[in-house]
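Visitor: Coordinates for the following, if possible.
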Amino acid sequence: MTETPSGSLTTLQRAGLHAAALHSGGHLPPCVPIADLVGLVARGLADPVPRQPDGAFTRSPRCLISGRGREHAAREPHPQLILVPCSSAKLDLPLAPAWEMYRGSYHRAALRAAHALAAGGVGTQILVLSAKFGLLQAEDHILHYDLRAGQRGTVTAGVLRRQAHHLAVSGAEVTVLAGKAYATLAREMWPRLRHPLTGSRGIGDHLAFFASLYGPGRQTGPPPGG
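Guide: Have a look, this model is predicted:
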């Protein structure tokens, strides 16, 4: 369990409380470990859901945020999330983990920049925003596909909302290192996201900005033309 600098709550406990506070039913996300849930219940920040009868098929949550948990979440810093785009260039296999499937130079540069940004934070998460599959972790196995954000078949806002809650990032402060189409898609879930590439003139400016984040003497200002 990774503790926050204050030693108060773990990273996933904080993220889980923020996600539960936004959820219509107050559900703690399923990605929050049992040990963390037990800790939240012990502090009165969550309430356990009664166990279902043996043999019942259900996806009921294990815990719900309490009133005290909502008050506590309002005082806790939000989790940090960086989104990078998927890639049109892909591994020539029908199925592979996301980190292997995406081969494009833009994706790789954005991912490298994301890791440089995340290095200075505690518990910053990096996810891929896939036009077809939505939010992906590096180890998620995906099928080969050909689709870009904005095209017919792009992942829906409803799917993004469910994924964001499941991964405990629905309450995150989000930075998108991608072009306009992917930022527009992400805004369906996080309308107040940060998009440092807004106003840039094209892919060349994007790549220059990414390089400024991970290169020698890196800077964190807006991209050229931004």
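Visitor: From residue 44, how far out is residue 161?
Guide: 28 Å (Cβ to Cβ, to the nearest Å). For every residue, glycine as well, the C-beta is placed using N, CA and C.
Visitor: I figured residue 143 was touching residue 94, is that so?
Guide: Yes. Using Cβ atoms under 8 Å, residue 143 makes contact with residue 94 at a distance of 6.4 Å.
Visitor: next structured bit after the longest helix seen in the chain?
Guide: Longest helix in the chain, counting residues (DSSP state H): helix 105-118. Using DSSP states H and E, the helix or strand that follows helix 105-118 towards the C-terminus is strand 125-130.
Visitor: Contacts for that next one next, please.
Guide: For strand 125-130, contacts defined as Cβ atoms under 8 Å, 6 or more residues apart in numbering pick out 79-86, 98, 102, 107, 111, 114-115, 118, 135-138, 142, 149, 155, 167, 169, 172, 176, 178, 182, 185-186.
Visitor: Next, the contact list for residue 185, please.
Guide: Going by Cβ under 8 Å, 6+ apart, residue 185 touches 129, 131, 149, 150, 154, 155, 160.
Visitor: Around the third one, how many other residues sit close by?
Guide: Counted with other Cβ atoms under 10 Å, the burial measure for residue 149 works out to 21 neighbours.
Visitor: Not counting sequence-adjacent ones, nearest residue to residue 128?
Guide: Excluding the flanking residues, the one nearest residue 128 by Cβ to Cβ, 6 or more residues apart in numbering is residue 136, at 4.3 Å.
Visitor: what's near enough to touch that neighbour?
Guide: 86, 98, 127, 128, 129, 130, 142.
Visitor: who's the fifth one bridged to?
Guide: Think residue 129. Assessed by DSSP bridges, residue 129 has beta-bridge partners residue 85, residue 135.
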